[in-house]
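sequence unknown, structure follows:
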């Protein structure tokens with residue numbers, strides 16, 4: 001599939017593409033293979049799929065596969081094609097259900113195939129520490145997310161060695177721990193224009 005945006009796209013009636021990018025898909029093969037390969041999936045990993053679809057058919061069904069899908073027909077199809085659990089996200093707390101299904105560990109990998117903020121939020125809340133969230137959806141609106149990858153030691157070393165210049169200009173005041181509520185948090189909340197990094 002060449003895509004659905006830019007350079008004509010996969011929805012154009014005709015499109016010119018270099019022959020090296022054209023591949024005939026065997027019957028039953030879906031685009032999901034690439035997503036699974038990128039995710040680092042291996043046998044034995046717990047998987048959450050938000051938005052049921054062809055990605056499910058590409059897994060070894062001996063793994064725990066959890067599907068979050070609001071449509072009842074797709075939930076039924078998910079179970080039929082190897083999902084271990086299939087939940088309606090409009091009725092079920094997905095992160096809680098994932099924890100219960102994985103013995104309190106969380107999913108190793110979450111695939112967001114729904115492309116809405118609620119599904120991304122559920123994916124981020126459902127993966128185990130150091131788990132993987134892979135977006136395979138087309139979004140109508142920009143997504144909001146935050147992640148942390150244990151970079152504090154590296155960052156602190158860079159600051160301490162002077163690799164990041166000009167940090168002094170960002171510090172507007174220094175306060176004692178006794179004053180942190182009034183002169184720290186309250187000042188940041190109530191007088192943002194006067195604050196840099198405190």
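Thanks, I have it. Computed from a prediction, not measured in an experiment: that's the story for all the values here.

use CA for all of it now, contacts and neighbours both
Noted.

ok, and the helix or strand in this structure with the lowest average confidence?
When the helices and strands of the chain are scored by mean pLDDT, DSSP states H and E, helix 152-160 comes last with a mean of 73.

the helices in this structure, which residues?
All helices of the chain, identified by DSSP state H, fall at 32-39, 72-80, 94-101, 117-126, 152-160, 186-190.

Now do the longest strand anywhere in the chain: which elements does it pack against?
Longest strand in the chain by number of residues (criterion: DSSP state E): strand 127-135. Packed against strand 127-135 by the contact rule (3 or more C-alpha pairs under 8 Å, 6 or more residues apart in numbering; DSSP states H and E) you find helix 32-39, strand 107-112.

Looking at those, which one is packed in the most?
strand 107-112 (a mean of 27; mean count of other C-alpha atoms under 10 Å).

who does that strand pair up with?
strand 47-50 (parallel), strand 127-135 (parallel) (DSSP bridges).

Next, format those as CSV and append mean pLDDT, distance to residue 119 and mean neighbour count.
As requested, these are arranged in CSV below (pLDDT from 0 to 100; distance: least, C-alpha to C-alpha, whole Å; neighbours: other C-alpha atoms under 10 Å):
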stretch, mean pLDDT, distance to residue 119, mean neighbour count
strand 47-50, 93, 6, 28
strand 127-135, 91, 10, 17
